[in-house]
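Undergrad: here you go, sequence then predicted model.
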Amino acid sequence: MTPRRIAFVGPTLPEPLRPAGPFEYRPPVRHGDLFDLCLRPGDQVLIVDGVYQHFAPVRHKEILAQLARGVHVAGTASLGALRAAELAGFGMQGLGHVYAEARAGRLVADADVAVLHADDSAGARRLTEAMVSVRHALAELLRARRLDTGQAARLERAAARLHFTERSVAGLRRAAGPDRDAMQLLLDHLDRHGDIKARDARHALDTLASRPVPPPPSGPGTAAAWPSSYGREWDFEHRPLKPGSAVSARLALACLQLFAADFPERHRAYTLRLAAATTGRTGSAGQILGAAGFAPAPRPDAQLARATEATAGWSADERLLARTFRLPPGRLVYQELPAEAVTGTTLDELEKRCLTLLLPPSAPSATTAARHALLRQLWQARSDHEYRLCALERGFRDTAEAARLAGAFDLALIARLLHAPAAAR
């Protein structure tokens, strides 16, 4: 299978300047993007631009997870250069001047490579100048003896006083004060020669495109796996239910969580087993909670211990345990399809059921409001609080997660089945 080559590029190298070649261009990287790509060993990723202010940035463990998988990850020019400098010891490749500056410790701040830019629909057009580009241009002008050291120092201080969102052409001119002519010389130089970030990005794309993708790394130098809750969740989302299945393990579990009338019972058995193994204490739910350091429910109708239609026969402690259970470090409830979830069915039967209920690829998904309405009806939730309890006792983190997963299914079909006579189901 031909390795994929993907580059995350935004304002550093506008679309008209991006070379044609083997790379598939994506917008600036954000947290989760590397997981969403379903990358395989031997694939190659180049990170140039990334978001970090209004969205969660790509995290180090997300890159480490890809390196451990055998994916080649390189960085240059902007956020990619910073991540490459930080992860060079773990196998991430760095290219270009900005990377070298970061690797040497002369560039440490995200803000030094940051720029304000238009959104992706407008081509991610850059609206301000990066501080790293200003410094590099000043150094070039000094070497060419077009500026003296005093002028260069004053221009650098003027630019550095501006927040990266204010470092526009007009903003730099205003900040220069009596050095306005020298600042114009700097701006002309950037316009004529291109900033160092753009040069680094173009160089990295040309360099990597000219080389065959090396085989996946192996042996002692291979990056170790750095498991995280996000990585485990991604793996569960994309792992097939069985080899060759079009249904993922996560979707199969969601089918049971959402629509199996007895799933709360299965979830209770799962949480009791794992909680007992963690605490080393077998017995009742109350004893397990006590061993974990939790006080018993103060009364049977405590907020999280209140009974629902499906849990009327449970003790208050059982309801508390099932509804609050999390896997370490406390974010996920499930990261695999456990034996308790598939009690009484085979994987073949579960796959067939899921395929029957999944939304056809071309069909629009139900609105979020419609998903919540149907789930409330299915679970017989009479109030908002009871609806939340129903979601928790089915192993969802919240009702939002339940509604998100319900969007993959044909809720109109499920509604018809819900209202059909029992003999017709």
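TA: Yes, it's here.

Undergrad: drop to CA atoms for contacts and neighbour counts, all remaining ones
TA: Fine.

Undergrad: I63: what's it in contact with?
TA: I63 is in contact with 34, 73, counting by C-alpha atoms under 8 Å, 6 or more residues apart in numbering.

Undergrad: ok, it to R371 distance?
TA: 34 Å (C-alpha to C-alpha, to the nearest Å).

Undergrad: now A341
TA: Taking C-alpha to C-alpha, one finds A341 at 22 Å from R371.

Undergrad: over to H31?
TA: 27 Å.

Undergrad: show me where the stretch 51-200 of the chain has its strands.
TA: Along the stretch 51-200 of the chain, counting by DSSP state E, counting those that start in this stretch, strands occupy 72-76, 93-95.

Undergrad: strand partners (parallel or antiparallel) of the longest one?
TA: In its sheet, strand 72-76 lies beside strand 44-47 (parallel), strand 93-95 (parallel), with partners assigned from DSSP bridges.

Undergrad: and the gap between P240 and A65?
TA: Taking C-alpha to C-alpha as the measure, P240 falls 19 Å from A65.

Undergrad: comparing the two, which shows the higher neighbour count?
TA: Neighbour count, other C-alpha atoms under 10 Å: between P240 and A65, A65 has more, with 20 against 17.

Undergrad: quick one, which of the strands of the stretch 51-200 of the chain is nearest to A130?
TA: Nearest to A130, of all the strands of the stretch 51-200 of the chain, is strand 72-76, at 14.3 Å by C-alpha to C-alpha.

Undergrad: residues contacting the closest one, please?
TA: 42-48, 63, 66-67, 80-84, 91-96, 98-99, 200-201, 204, 216.

Undergrad: tell me the helix or strand right after the longest helix seen in the chain.
TA: In the chain, with assignment by DSSP state H, the single longest helix is helix 263-279. Using DSSP states H and E, the next helix or strand after helix 263-279 towards the C-terminus is helix 285-291.

Undergrad: send the alpha carbons of whichever helix or strand comes after that next one over as PDB?
TA: Of the helices and strands lying after helix 285-291 in sequence (DSSP H and E), the nearest is helix 316-324. Once non-C-alpha atoms are left out, helix 316-324 reads as follows in PDB (Å, rounded to 0.1, in the frame of the first residue of the first chain):
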ATOM      1  CA  ALA A 316     -28.100   3.000  46.100                       C
ATOM      2  CA  ASP A 317     -24.400   2.000  46.200                       C
ATOM      3  CA  GLU A 318     -24.700   0.000  43.000                       C
ATOM      4  CA  ARG A 319     -26.300   3.000  41.300                       C
ATOM      5  CA  LEU A 320     -23.500   5.300  42.500                       C
ATOM      6  CA  LEU A 321     -20.800   2.900  41.500                       C
ATOM      7  CA  ALA A 322     -22.200   2.300  38.000                       C
ATOM      8  CA  ARG A 323     -22.900   5.900  37.300                       C
ATOM      9  CA  THR A 324     -19.500   7.300  38.500                       C
END
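
Undergrad: and helix 316-324, what other elements does it pack with?
TA: helix 263-279, helix 285-291, helix 384-393 (3 or more C-alpha pairs under 8 Å, 6 or more residues apart in numbering; DSSP states H and E).

Undergrad: contacts for that helix?
TA: Counting by C-alpha under 8 Å, 6+ apart, 267-268, 271-272, 285-286, 289, 296-297, 300-301, 304-307, 311, 389, 392-395 sit against helix 316-324.

Undergrad: any of those buried? List them.
TA: 267-268, 271-272, 285-286, 289, 297, 304-307, 311, 389, 392-395 (16 or more other C-alpha atoms under 10 Å).

Undergrad: all helices for the stretch 1-150 of the chain, in order.
TA: Per DSSP state H, counting those that start in this stretch, the stretch 1-150 of the chain carries helices over the ranges 33-36, 60-69, 79-86, 97-103, 131-143, 149-160.

Undergrad: buried deepest among these, which one?
TA: Greatest average neighbour count among those goes to helix 79-86 (a mean of 27), per mean count of other C-alpha atoms under 10 Å.
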